[in-house]
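A.B. asks: coords below, sequence missing:
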Ligand SMILES: O=S(=O)([O-])[S-]
């Protein structure tokens, strides 16, 4: 009984300590000059409105009437502090239901997405601002689903929550009032943005195609396996460029010139058909976002099933170790 009490006490101390650490996670506030310099890069992106600075995001929130800010993090992180007015969603909210696939991590249907967006107070005219606290990769996954299903009134906040704090803006723990609406995507789903297992198999023997692995290097070599996947390794022949190479240390996106250099120097050029994958299509949505929206590549598809699906089918080949 005494041991049980001690264990509970340790758990509570660790929990409170973790929460305090998380809340106090230092983000240096940028100077006016640094913030102005940051604004300079957006005009060079292929889609110059798709990433906005925190300063611009705040202006949009103040001027536009129909704006929905979505914080894409676990609810515990949201409850410790978020951008004022933001609502919270997390991966299960926009993933397939448990009985749809034999493995985890697939996107939800267009209909589930419509119900979610309506319940958050959006309709098809709503401008949606997205952010997270991991360099916007969860935000990019949400963008990818919106984009594929047909809603393009959307932007990511550069640097995510850190970008907001770096601009000197406050966070809140209060939740906004939500007035649900009806949301319907306009138009048809754009399948050109999605790669399936069959697309990946075909790409393996196509000299004009590239399969791009954006996971951490030890996942690519097969040294580590993230939970949810079934075997260690990578899709044979894939090229490795980790998604985070597109980010600065402060989690903001690099300039278009810097990004071009990173991808083109490793053969990931706009003339190729590119399929991007990671563990479950989240980090790969980030690279898909960078290549298509920031650099203007036209033939890039996110492999939704990613390593989880590939590793599930034991008959599919895998490669391990250093790149060949
Ligand atoms: O980001 S992830 O899909 O690889 S977990």
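C.D. replies: Yes, it's here. Small disclaimer: the values here were computed from a predicted structure and weren't measured.
A.B. asks: what values do phi and psi take at the residue nearest the centre of the chain?
C.D. replies: What sits nearest the mean C-alpha location of the chain, by C-alpha atoms, centre = their mean, is residue 137, with 2.3 Å. Backbone torsions for residue 137, taken as degrees, to the nearest 10, come to phi -80, psi -30.
A.B. asks: count residues in the vicinity of the closest residue to it other than its chain neighbours, would you?
C.D. replies: Excluding the flanking residues, the one nearest residue 137 by C-beta to C-beta, 6 or more residues apart in numbering is residue 286, at 4.1 Å. For the C-beta atoms, the positions are set from N, CA and C on the backbone; glycine is no exception. Counted with other C-beta atoms under 10 Å, residues neighbouring residue 286 total 29.
A.B. asks: rewinding a little: was I right about the residue nearest to the centre of the chain contacting residue 281?
C.D. replies: No. If you go by C-beta atoms under 8 Å, residue 137 and residue 281 don't touch, sitting 10.5 Å apart.
A.B. asks: can you give me the strands for the stretch 51-200 of the chain?
C.D. replies: Using DSSP state E, counting those that start in this stretch, the strands found in the stretch 51-200 of the chain span residues 51-52, 67-72, 87-89, 127-131, 154-157, 194-195.
A.B. asks: could those strands go into JSON lines alongside mean pLDDT and distance to the ligand?
C.D. replies: Below are the strands of the stretch 51-200 of the chain laid out as JSON lines (pLDDT from 0 to 100; distance: least, C-beta to the nearest ligand atom, whole Å):
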{"stretch": "strand 51-52", "mean pLDDT": "98", "distance to the ligand": "19"}
{"stretch": "strand 67-72", "mean pLDDT": "98", "distance to the ligand": "12"}
{"stretch": "strand 87-89", "mean pLDDT": "98", "distance to the ligand": "16"}
{"stretch": "strand 127-131", "mean pLDDT": "98", "distance to the ligand": "15"}
{"stretch": "strand 154-157", "mean pLDDT": "98", "distance to the ligand": "16"}
{"stretch": "strand 194-195", "mean pLDDT": "98", "distance to the ligand": "14"}
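A.B. asks: reformat those as TSV; add mean neighbour count.
C.D. replies: Converted to TSV, the strands of the stretch 51-200 of the chain look like this (neighbours: other C-beta atoms under 10 Å):
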stretch	mean neighbour count
strand 51-52	22
strand 67-72	23
strand 87-89	19
strand 127-131	23
strand 154-157	24
strand 194-195	24
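A.B. asks: can I get the ones you listed in TSV including distance to residue 202?
C.D. replies: Compiled in TSV, those are given as follows (distance: least, C-beta to C-beta, whole Å):
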stretch	distance to residue 202
strand 51-52	32
strand 67-72	32
strand 87-89	34
strand 127-131	32
strand 154-157	30
strand 194-195	10
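A.B. asks: for the stretch 151-300 of the chain, what lies in contact range of the ligand?
C.D. replies: 278-283 (C-beta under 6 Å from any ligand atom).
A.B. asks: who wins for neighbours among those residues?
C.D. replies: Most surrounded of those: other C-beta under 10 Å gives residue 278, at 29 neighbours.
A.B. asks: ok, and the closest non-adjacent residue to it?
C.D. replies: Leaving aside its sequence neighbours, residue 278 sits nearest to residue 284 (C-beta to C-beta, 6+ apart; 4.2 Å).
A.B. asks: hang on, isn't the one you found packed against residue 274?
C.D. replies: No. Residue 284 is not in contact with residue 274 according to C-beta under 8 Å; the separation is 10.4 Å.
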